[in-house]
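**Q** Build me a model from this:
(one chain, ligands or ions: 1)
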Amino acid sequence: MLDIKFIRENPDIVRKAIQEKGSPLDLDELLLLDRQILELRRRTEALQAERNANAKAAGKASPEERALLIEKGKQIGAELAELEPQLRALEAKLKELLYLTPTLPWEGAPVGPDDSFNVVTRVHGTPRTFLFEPLDHLELINRNGWGELERIAKVSGSRSYALKGDLMRYEQALLRFALDQLVDAGFTPISVPSYAREEAFYAHGQFPKAREDVYKVEGEDMYLAGTSEVLLNYLHAGEILSEGELPKAYAGISACFRSEAGSAGKDVRGLMRVHQFNKVEQYVLCIADVEESNRWFERMLANSEKILQALELPYRVVEVSTGDMGLGKYRQVDLETWVPSEGRYRETHSCSALLDWQARRAGLRYRDQAGKVRYAYTLNNTALATPRILVMLLENHQNQDGTVTVPKAVQPYFGKARLEPTR
Ligand SMILES: Nc1ncnc2c1ncn2[C@@H]1O[C@H](COS(=O)(=O)NC(=O)[C@@H](N)CO)[C@@H](O)[C@H]1O
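**A** Just a heads-up that it's a prediction; the model follows:
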């Protein structure tokens with residue numbers, strides 16, 4: 001959310017961002033509300049000053065004068081009692097509207113209402129030409145006994161998965177490989193729960209817009225997080241850190257839960273889009289400086305590209321448009337990895353910088369060297385999410401005999417050079 005002072009002083013810039021980001025916010029309503037609040041604050045402050053002066057005068061007045069002054073004080077008090085709740089109501093409404101203010105997108109963001117305006121900026125590697133008829137990931141799993149997808153659907157319903165034998169161990173090996181890549185890059189590994197209180201979802205930005213994506217625990221203020229970003233973003237909520245404690249660079253790992261309510265009919269088979277998946281997450285909290293944020297953005301993106309290159313997968317880099325990146329984003333770049341059975345690239349990583357949009361919502365602040373308390377900047381990026389990446393790994397690295405080669409970088413974690421059938 002934007003600072004009200006900035007909005008007051010730059011209405012045209014904010015109006016442009018609202019339009020480019022597709023925010024539902026009515027800026028005129030917000031500005032009118034702001035003027036009403038300022039006016040009401042002026043009146044209540046004047047009345048409070050008058051009441052104080054009046055009380056002081058009453059202390060020194062003669063008995064008959066004092067009676068008049070006390071009566072006057074009562075009238076002022078009555079007027080204040082009426083104005084103060086009005087002011088609080090208007091301030092609450094303003095806060096609600098501020099939640100809908102967009103972060104101004106960086107100047108290089110393609111301007112457009114949706115993902116059709118996204119721009120491919122780089123392609124890495126080339127899709128493999130198979131010398132045999134390749135199988136899709138489900139055929140590979142069924143042929144090798146690497147999963148119990150039909151049975152688990154009876155237990156847990158659609159968009160569920162259960163991996164077996166070498167594929168199960170491969171998933172675990174990949175997560176550990178990705179985690180170690182981040183630790184080597186200086187990130188602090190941290191495991192977090194998969195559930196959090198409602199306020200963490202407001203602070204993240206998931207609420208109020210996308211509540212339907214989130215599972216709720218019946219009868220408790222507890223919601224299942226679709227990404228550890230929600231929890232990592234709220235870990236230091238309400239604190240005032242010292243500048244020296246920044247940057248915080250976390251390598252989060254957690255099971256992620258998503259209802260996929262809006263995805264009916266999409267990727268209904270297999271491992272691409274499931275209700276519970278695992279993700280190694282990069283999350284950074286840094287000082288309120290765009291250059292510092294840009295440096296972290298590039299670093300986090302490089303970490304993910306390094307992982308995809310180590311997995312020997314063809315991928316492309318996509319600059320996300322203003323309408324597709326969402327309200328809070330300053331910049332978003334996705335990595336999309338080649339899926340042979342679909343003949344197209346599919347998103348596997350999403351790197352975002354949000355400046356102080358989340359920090360304002362979460363109360364993430366620090367005291368800078370000049371002693372000024374400021375909101376921090378936040379960024380996040382996928383390091384690796386399974387099982388979706390298994391679709392690409394199985395299909396791209398399959399052999400004619402149905403086995404699947406393990407990329408060299410992961411072999412020390414997996415213990416073998418190939419995935420073999422489960423007996
Ligand atoms: N329903 C799902 N099933 C499997 N994988 C998913 C699902 N939803 C997201 N993912 C994986 O998780 C990655 C990150 O999801 S994201 O919503 O795009 N971004 C985030 O969660 C950010 N915190 C960065 O990780 C996706 O690129 C994809 O690889």
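**Q** leaving aside the residues next to it on the chain, what's closest to Glu198?
**A** Nearest residue to Glu198, sequence neighbours excluded (C-beta to C-beta, 6 or more residues apart in numbering): Asp221, at 5.6 Å. No exception for glycine: its C-beta is placed from N, CA and C like everyone else's.
**Q** The one you found and the ligand: what is the separation?
**A** To the ligand, Asp221 is 22 Å away according to C-beta to the nearest ligand atom, to the nearest Å.
**Q** Could you verify that that residue is part of a helix?
**A** No. Counting by DSSP: H, G, I helix; E, B strand; the rest coil, Asp221 falls outside a helix, being coil.
**Q** right, and it touches Ala196 too?
**A** No. Using C-beta atoms under 8 Å, Asp221 is not in contact with Ala196; the gap is 9.4 Å.
**Q** Between those two, which is the more surrounded one?
**A** Remark: of Asp221 and Ala196, Ala196 carries more neighbours, 23 against 10, as counted by other C-beta atoms under 10 Å.
**Q** hey, what's the more buried one bridged with?
**A** Tyr223 (DSSP bridges).
**Q** measure it to Glu20 for me?
**A** Distance, Ala196 to Glu20, using C-beta to C-beta, to the nearest Å: 31 Å.
**Q** same question, Arg360
**A** Arg360 sits 20 Å away from Glu20, going by C-beta to C-beta.
**Q** Looking at these two, which has the bigger crowd around it?
**A** Taking other C-beta under 10 Å, Arg360 and Glu20 do not tie; Arg360 has more neighbours (22 against 19).
**Q** what helix or strand does that one sit in?
**A** helix 357-362 (DSSP states H and E).
**Q** Tell me the buried residues in that helix?
**A** Residues Trp357, Gln358, Ala359, Arg360, Arg361, Ala362 are the ones in helix 357-362 that count as buried (16 or more other C-beta atoms under 10 Å).
**Q** Check stretch 296-314 too.
**A** Neighbour count says stretch 296-314 has 296-297, 299-301, 303-305, 307-308, 311-314 buried, by 16+ other C-beta under 10 Å.
**Q** Take the residues you listed and write them to CSV, including secondary structure, pLDDT and distance to Thr129.
**A** Below are those laid out as CSV (DSSP: H, G, I helix; E, B strand; the rest coil; pLDDT from 0 to 100; distance: C-beta to C-beta, whole Å):
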residue, secondary structure, pLDDT, distance to Thr129
Trp296, helix, 98, 38
Phe297, helix, 98, 35
Arg299, helix, 98, 34
Met300, helix, 98, 32
Leu301, helix, 98, 29
Asn303, helix, 98, 30
Ser304, helix, 98, 26
Glu305, helix, 98, 23
Ile307, helix, 98, 24
Leu308, helix, 98, 20
Leu311, coil, 98, 19
Glu312, coil, 98, 15
Leu313, coil, 98, 15
Pro314, coil, 98, 12
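**Q** Closest one of those to Pro102?
**A** Phe297 (18.1 Å; C-beta to C-beta).
**Q** Can you get me a residue count around the closest residue to that closest one other than its chain neighbours?
**A** Closest residue in space to Phe297, ignoring its immediate chain neighbours: Ala353 at 4.8 Å, by C-beta to C-beta, 6+ apart. Neighbourhood size, Ala353 [other C-beta under 10 Å]: 27.
**Q** What ranges does this structure have for its helices?
**A** Taking DSSP state H, the helices of the chain run over residues 4-9, 11-21, 27-60, 63-98, 137-144, 149-156, 165-184, 198-204, 229-232, 290-310, 322-325, 357-362, 388-396, 411-414.
**Q** What parts of the protein come near the ligand?
**A** 227, 229, 258, 260, 273-274, 277, 279, 281, 347-350, 380-382, 385, 388 (C-beta under 6 Å from any ligand atom).
**Q** re earlier: can you tell me which of the buried residues of helix 357-362 is nearest the ligand?
**A** The ligand has its nearest neighbour among those in Gln358, at 11.2 Å by C-beta to the nearest ligand atom.
**Q** of all the helices of the chain, which lies closest to Pro105?
**A** Among these, if distance is taken as C-beta to C-beta, the winner is helix 322-325, at 4.7 Å.
**Q** That closest one - contacts with which helices or strands?
**A** helix 11-21, strand 331-339 (3 or more C-beta pairs under 8 Å, 6 or more residues apart in numbering; DSSP states H and E).
**Q** Export the ones you listed as TSV, with columns for mean pLDDT and distance to Thr405.
**A** Below are these laid out as TSV (pLDDT from 0 to 100; distance: least, C-beta to C-beta, whole Å):
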stretch	mean pLDDT	distance to Thr405
helix 11-21	96	43
strand 331-339	98	16
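**Q** for those, which one ends up most surrounded?
**A** Mean neighbour count, computed with mean count of other C-beta atoms under 10 Å, is highest for strand 331-339 among those, reaching a mean of 23.
**Q** Run the chain-centre distance for that one.
**A** 16 Å (C-alpha atoms, centre = their mean, to the nearest Å).
**Q** before we move on, what about stretch 246-260?
**A** 9 Å.
**Q** likewise stretch 216-232?
**A** For stretch 216-232, the distance to the chain centre is 13 Å (C-alpha atoms, centre = their mean).
**Q** So for it, first residue to last residue, what's the gap.
**A** Taking C-alpha to C-alpha, to the nearest Å, the first and last residues of stretch 216-232 lie 19 Å apart.
**Q** And for stretch 189-205?
**A** 24 Å.
**Q** Sort out which residues of that stretch are buried, please.
**A** Ile190, Val192, Ser194, Tyr195, Ala196, Glu199, Ala200, Phe201, Ala203, His204, Gly205.
**Q** out of the residues you listed, who's nearest the ligand?
**A** Nearest member of these to the ligand, counting by C-beta to the nearest ligand atom, is His204, at 8.9 Å.
**Q** residues contacting the nearest residue to the closest one once chain neighbours are set aside?
**A** The shortest distance from His204 to any non-neighbouring residue, by C-beta to C-beta, 6+ apart, is to Val230 (4.4 Å). By C-beta atoms under 8 Å, 6 or more residues apart in numbering, Val230 lies in contact with Ala196, Ala200, Phe201, His204, Gln206.
**Q** Pull the most distant pair out of the residues you listed.
**A** Once C-beta to C-beta is applied, those give Ala196 and Gln206 as the farthest pair, at 9.9 Å.
**Q** How many residues are close by Ser23?
**A** 16.
**Q** Next one: it, what pLDDT does it get?
**A** Per-residue confidence at Ser23 stands at 93 (pLDDT).
**Q** neighbours around the closest residue to it other than its chain neighbours, how many?
**A** Spatial nearest neighbour of Ser23, excluding adjacent residues (C-beta to C-beta, 6+ apart): Pro102 at 4.8 Å. Counted by other C-beta under 10 Å, the residues lying close to Pro102 total 25.
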